[in-house]
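[1] Requesting a structural model of the entry that follows:
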Amino acid sequence: QMDDELDFQNYLFLSPKCLKIKIFRKQDFKDLYFNETYTDIILNKLNFEFVNLFLDKNIFQIEKKTNKFIENINLIIDSDEFFTINLSIKKDNHGEILKKQDLSHLLSKAKYECKETINFRRITHMLIDNYYIDKKNYSSFPENLRCNFFSIDIKFICLSEIYIKEIEKILKRYQITINHILNSEYVESFLDNKDQDIFRLSMKIIDGFNENEVSINPKMRNNKGFFERFFNFFK
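    The predicted structure is shown next:
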């Protein structure tokens, strides 16, 4: 019998060329189950029927082995259905001390403006690329700095809602819901010689590995990082 489900991570990697599923224990990364399959035909689009067949083969085996139903899963997706929006937003701070509330307000405004323009796409990652304060660039948020002018450069990685709905439809057959959606290219940008496992790295990213990523779904995260503590307005 499995322990608390939060200790176990369920991941599904989807790309036109291959599918992978992995279940591992969070505390020590012990693998409980792993399987992968590669498509024979070179495709540029994900074959949803192929995904269904893959899950049909694996879900029952996983649940039999773990003696527990899979209720939710994290998706790592390689797809050209992703769309990136870059947005800069500014605030006149009138020489006041820069506070987290100021950043919170700008992020809220940026997210609203993005949602107004993305049309049938869902935000999967919200990343702060740069803080620009009184003509100086900062890679992380400088707390308690007095300034006149403050702006942030934000990157939104979005995915087609139609694409997501197709996957949700397949997962619904197995009573599985989606926890998080991760862009594989974004995840792979953090790969190095020490950490070459995309699944472990995805878990770290969900837990707040990148301090300049704003949590989109904080209720599903155990992260105690900067954005998890202060930006719970992202529901």
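
[2] and the residue nearest the centre of the chain, backbone torsions?
    Using CA atoms, centre = their mean, the residue of the chain that lies closest to the mean C-alpha position is L182, 3.8 Å off. Here is the backbone geometry of L182 (degrees, to the nearest 10): phi -120, psi 140.

[3] who's in contact with it?
    L182 makes contacts with N74, L75, I76, I77, T124, H125, S202, I205, I206, as judged by CB atoms under 8 Å, 6 or more residues apart in numbering. Where you see a C-beta, it was placed from the backbone N, CA and C, and this is true even at glycine.

[4] mind running it again at 6 Å?
    With contacts defined as CB atoms under 6 Å, 6 or more residues apart in numbering, the neighbours of L182 are I76, S202.

[5] just the strands in the chain please.
    With strands called from DSSP state E, the chain shows them at 8-14, 18-25, 31-38, 72-77, 82-92, 121-133, 136-138, 149-160, 177-183, 213-214.

[6] residue ranges with poor pLDDT in this structure?
    The model of the chain has pLDDT under 70 over residues 1-6, 41-43, 193-195, 217-235.

[7] now with 50?
    For the chain, the stretches flagged by pLDDT under 50 are 1-3, 218-226, 228-235.

[8] can you tell me how far the closest residue to E96 other than its chain neighbours sits from K90?
    Spatially, and ignoring its direct neighbours in sequence, E96 is nearest to R146 (6.8 Å; CB to CB, 6 or more residues apart in numbering). Counting by CB to CB, to the nearest Å, the gap between R146 and K90 amounts to 17 Å.

[9] about what we covered before: please work out which of the strands of the chain is packed deepest.
    The highest average neighbour count among those, using mean count of other CB atoms under 10 Å, belongs to strand 213-214 at a mean of 23.

[10] Starting from that strand, tell me which strands it pairs with and how they run.
    Looking at strand 213-214 with DSSP bridges, its partner strands are strand 121-133 (antiparallel).

[11] what angle do the partner strand and strand 82-92 make?
    40 degrees (axes from the mean of the first three to the mean of the last three CA atoms, to 10 degrees).
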